[in-house]
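Asker: got a structure for you, letters missing:
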């Protein structure tokens, strides 16, 4: 969730009202970046994973820089869990009660996702309760939440228990209603807002009633749809943006390579020439520089042989079922060869879920970031990947990208909220 609030020390800096936000479960900063690009001002972000926070801090926390976070003195610029924020800084937060414009963010979605194990008792499913505690504490004007669409579906019933399994979207809506919020939610498709990825997302918008009786007639998601064409026109984008539109200038073949300075046993690629409006939009003024996090995997010969077989014999643009994998069938659930002429499926945190459409390899972090609509200047920190038991304890670059809210989608949501708040003010 992301929360925005106008606090006294910010108000002194601006002659006109400012729309502010706090980003909870902020990850590496995709939601924050999009909201800032839409005109919102960030106060601070809450993220417990050190590597993800390092990425966010490197890119979006810059003293004296316009457009980035205006970090308060009372909060250290370091990774922190929401529980710790509440226990250590309750007094500071209380001082801003009623002055918050928006509280937003994306709580952990792995427990709800159909791609994962989807466990009803995954402790990450309960993080929303801390969001609700912060809503109660701060009483923000608006709430924004992003998650996977699985949050709308009940978990499988436990035969040993008589009660029905919960639908978490309903639990969240009920909790916000009890705190005097009107709530709307919908499934929004990222590809409709210029992201080269289908990525359907559950988006929840809540607004504090404050005695207004006509809020139910407002339609925030109709506002979002109405602004879509102007948004795409401003970005010079058509839809859908395809995988080839997004990453063809990052191919390994035909582009300059050099030894990766962070990990010398790997090669890292330079940017090639941009050939689409999407590539030009994200590349900006990087001028063909060495691409951040564009480190190519060192696949074994037998792995390259397998990937070549997939490229030659399997249909692109769909998940490969076990019977389609020939002699290479295995226990791996997700395996998808990208189609150059269509958007990608939802990008995950596992680098070997997606195969390049023309080269026998997995994607680089930079290519995954392009599919998520991160601009090329946005760099990533921490190790590239991890495995085994460490996957539940670390947040490497591939995980940071896969968990992020696409900045282009976030920007469209930010623009919708600005217009929506104008309609809220006019409601009786």
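Answerer: Okay, I see it. Just so it is clear, the structure is predicted and the values come from calculations on it, not from any experiment.

Asker: Show me where the protein has its strands.
Answerer: Secondary structure of the chain (DSSP state E): strands located at 2-3, 20-24, 41-46, 102-105, 142-147, 181-189, 200-208, 257-259, 267-270, 290-295, 318-319, 336-337, 354-355.

Asker: can you redo these as a markdown table with mean pLDDT?
Answerer: Shown next, in a markdown table, are the strands of the chain (pLDDT from 0 to 100):
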| stretch | mean pLDDT |
| --- | --- |
| strand 2-3 | 41 |
| strand 20-24 | 95 |
| strand 41-46 | 94 |
| strand 102-105 | 93 |
| strand 142-147 | 95 |
| strand 181-189 | 96 |
| strand 200-208 | 96 |
| strand 257-259 | 95 |
| strand 267-270 | 96 |
| strand 290-295 | 96 |
| strand 318-319 | 92 |
| strand 336-337 | 96 |
| strand 354-355 | 96 |
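
Asker: Show me how this structure divides into domains.
Answerer: Domain ranges of the chain: 2-236+407-426, 243-403, per automatic domain parsing.

Asker: lowest-confidence stretch among those?
Answerer: Lowest mean pLDDT within the domains of the chain: domain 2-236+407-426, at a mean of 85.

Asker: ok, back up a step: save the strands of the chain as TSV, and put in mean neighbour count and distance to residue 220 too.
Answerer: Where you see a C-beta, it was placed from the backbone N, CA and C, and this is true even at glycine. As requested, these are arranged in TSV below (neighbours: other C-beta atoms under 10 Å; distance: least, C-beta to C-beta, whole Å):
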stretch	mean neighbour count	distance to residue 220
strand 2-3	30	15
strand 20-24	30	16
strand 41-46	24	21
strand 102-105	30	12
strand 142-147	26	10
strand 181-189	18	5
strand 200-208	22	5
strand 257-259	12	47
strand 267-270	19	41
strand 290-295	21	35
strand 318-319	13	33
strand 336-337	18	33
strand 354-355	22	32
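
Asker: Next, format the ones you listed as CSV and append distance to residue 362.
Answerer: Shown next, in CSV, are the strands of the chain (distance: least, C-beta to C-beta, whole Å):
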stretch, distance to residue 362
strand 2-3, 31
strand 20-24, 29
strand 41-46, 29
strand 102-105, 29
strand 142-147, 26
strand 181-189, 25
strand 200-208, 23
strand 257-259, 16
strand 267-270, 14
strand 290-295, 11
strand 318-319, 15
strand 336-337, 11
strand 354-355, 6
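
Asker: closest to residue 376 out of those strands?
Answerer: Closest of the strands of the chain to residue 376 is strand 290-295, at 7.0 Å (criterion: C-beta to C-beta).

Asker: Other residues contacting the closest one?
Answerer: For strand 290-295, the surrounding residues in contact (C-beta atoms under 8 Å, 6 or more residues apart in numbering) are 250, 258, 260, 262-263, 266-271, 364-367, 369, 376, 378-380, 384, 397.

Asker: Likewise for stretch 278-285?
Answerer: Outside stretch 278-285, the residues touching it (C-beta under 8 Å, 6+ apart) are 194, 196, 235-237, 241, 245-246, 248-249, 271, 274, 370, 373-377.

Asker: Please flag which of those sit within helices.
Answerer: 235, 245-246, 370 (DSSP state H).

Asker: quick one: which of these has the most company?
Answerer: The residue in the ones in helices among the contacts of stretch 278-285 with the most neighbours, by other C-beta atoms under 10 Å, is residue 370 (32 neighbours).

Asker: Contacts only, for that residue.
Answerer: 196, 246-247, 250, 279, 282, 376.

Asker: between the strands of the chain, which one is nearest to residue 95?
Answerer: strand 41-46 (12.8 Å).

Asker: Neighbouring strands - and their directions - for that closest one?
Answerer: Strand 41-46 has the following strand partners under DSSP bridges: strand 20-24 (parallel).

Asker: Any chance of CSV for the contacts of residue 370, columns distance to residue 334?
Answerer: Below are the contacts of residue 370 laid out as CSV (distance: C-beta to C-beta, whole Å):
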residue, distance to residue 334
196, 19
246, 20
247, 19
250, 22
279, 27
282, 26
376, 27
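
Asker: Out of these, which comes closest to residue 335?
Answerer: Distances from residue 335 to the contacts of residue 370, taken by C-beta to C-beta, are shortest for residue 247, at 18.7 Å.

Asker: what about burial for the contacts of strand 290-295, which qualify?
Answerer: 250, 260, 266-271, 364-367, 369, 376, 378-380, 384, 397 (16 or more other C-beta atoms under 10 Å).

Asker: picking that back up, from the ones in helices among the contacts of stretch 278-285, which single one is nearest residue 130?
Answerer: Nearest to residue 130, judged by C-beta to C-beta, of those is residue 370 at 32.6 Å.

Asker: what's the distance between the closest one and residue 342?
Answerer: Relative to residue 342, residue 370 is positioned 15 Å away (C-beta to C-beta, to the nearest Å).

Asker: just residue 408 next, same as before
Answerer: Residue 408 sits 17 Å away from residue 342, going by C-beta to C-beta.

Asker: Repeat that for residue 384.
Answerer: Applying C-beta to C-beta, the value for residue 384 to residue 342 is 27 Å.

Asker: same deal with residue 410?
Answerer: In terms of C-beta to C-beta, residue 410 sits 23 Å off from residue 342.

Asker: of the two, who's got more company?
Answerer: A direct count of neighbours by other C-beta under 10 Å for residue 410 and residue 342 places residue 410 higher, at 32 against 19.

Asker: Contact partners for that one?
Answerer: Counting by C-beta under 8 Å, 6+ apart, residue 410 touches 30-35, 37-38.

Asker: and if you look at residue 272?
Answerer: 248-251, 254-255, 288.

Asker: Redo the residues you listed as CSV? Include distance to residue 393.
Answerer: Shown next, in CSV, are the contacts of residue 272 (distance: C-beta to C-beta, whole Å):
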residue, distance to residue 393
248, 36
249, 35
250, 30
251, 34
254, 39
255, 35
288, 37
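
Asker: Out of those residues, flag the one nearest to residue 144.
Answerer: Proximity of the contacts of residue 272 to residue 144 (C-beta to C-beta) peaks at residue 250, which lies at 31.5 Å.

Asker: which non-adjacent residue is nearest the closest one?
Answerer: Nearest residue to residue 250, sequence neighbours excluded (C-beta to C-beta, 6 or more residues apart in numbering): residue 367, at 5.3 Å.

Asker: my guess is the one you found contacts residue 248, does it?
Answerer: No. Assessed by C-beta atoms under 8 Å, residue 367 is found out of contact with residue 248, at 10.2 Å.
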